[in-house]
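In: Provided below are the primary sequence and the corresponding predicted coordinates.
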Amino acid sequence: MQVGWAGLAADHDTHAVKTAASLIEIAVTNSTEPESSHADDLKASAEHMLRGNFHLENGDYEAALAEYTRALEYDPKSWVAFLLRAYLYQVQNENRLAISDLDKTIELNPTVEAHVMRGVAYAFSGDDDAALKDYVTAARIDPGYGNIYKQRAYIYLRRG
């Protein structure tokens, strides 16, 4: 049931907003629609990830973060959503948060990209040993992934 919330929200009349809120509550309470299936949750998660990507591309990091987090509410085992949110955190220099999401990504699906990203986050956090471990693991997963060697070289150069 659609109440026409957008039209009422534009109207600053408090009574109209309270009435709309009551109608929404009644509609939800009396809903006969079945609960969403797992497939519906996966679809909703994907839609939120796409919205997050749109916001990320347009520099609206707050909206992107909200969308990626919402995607994880629908599918808490989405390694892709964790990876995307980790990337957003890295863009914002929030390495601790990126590492946390990358830990979860790797737990769910240990891809070469996730290990390289976590290695970068560790390196920017000053933990070169942890970064090198991730780069070694990434090289074992895919020795042809060229970015690994460049990232390791940065650490070796920094160490002298």
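Out: Perfect, I can see it now. Numbering: from 1, shown residues only.

In: lowest-confidence helix or strand of this structure?
Out: helix 5-10 (a mean of 28; mean pLDDT, DSSP states H and E).

In: and the contacts of the strand or helix carrying Tyr156?
Out: In the assignment (DSSP states H and E), Tyr156 maps to helix 147-159. Residues outside helix 147-159 that contact it (C-beta atoms under 8 Å, 6 or more residues apart in numbering) are 112, 116, 119-120, 123, 128, 131-132, 135, 138-139. Any C-beta I mention is one placed from the backbone N, CA and C, and that applies to glycine too.

In: relative to Val91, which of those residues is nearest.
Out: Using C-beta to C-beta, Val120 comes nearest to Val91 of these, at 11.5 Å.

In: quick one: that closest one from Glu67, how far?
Out: 23 Å (C-beta to C-beta, to the nearest Å).

In: ok, now Lys43?
Out: Taking C-beta to C-beta, one finds Lys43 at 14 Å from Glu67.

In: same question, Tyr145
Out: Taking C-beta to C-beta, one finds Tyr145 at 28 Å from Glu67.
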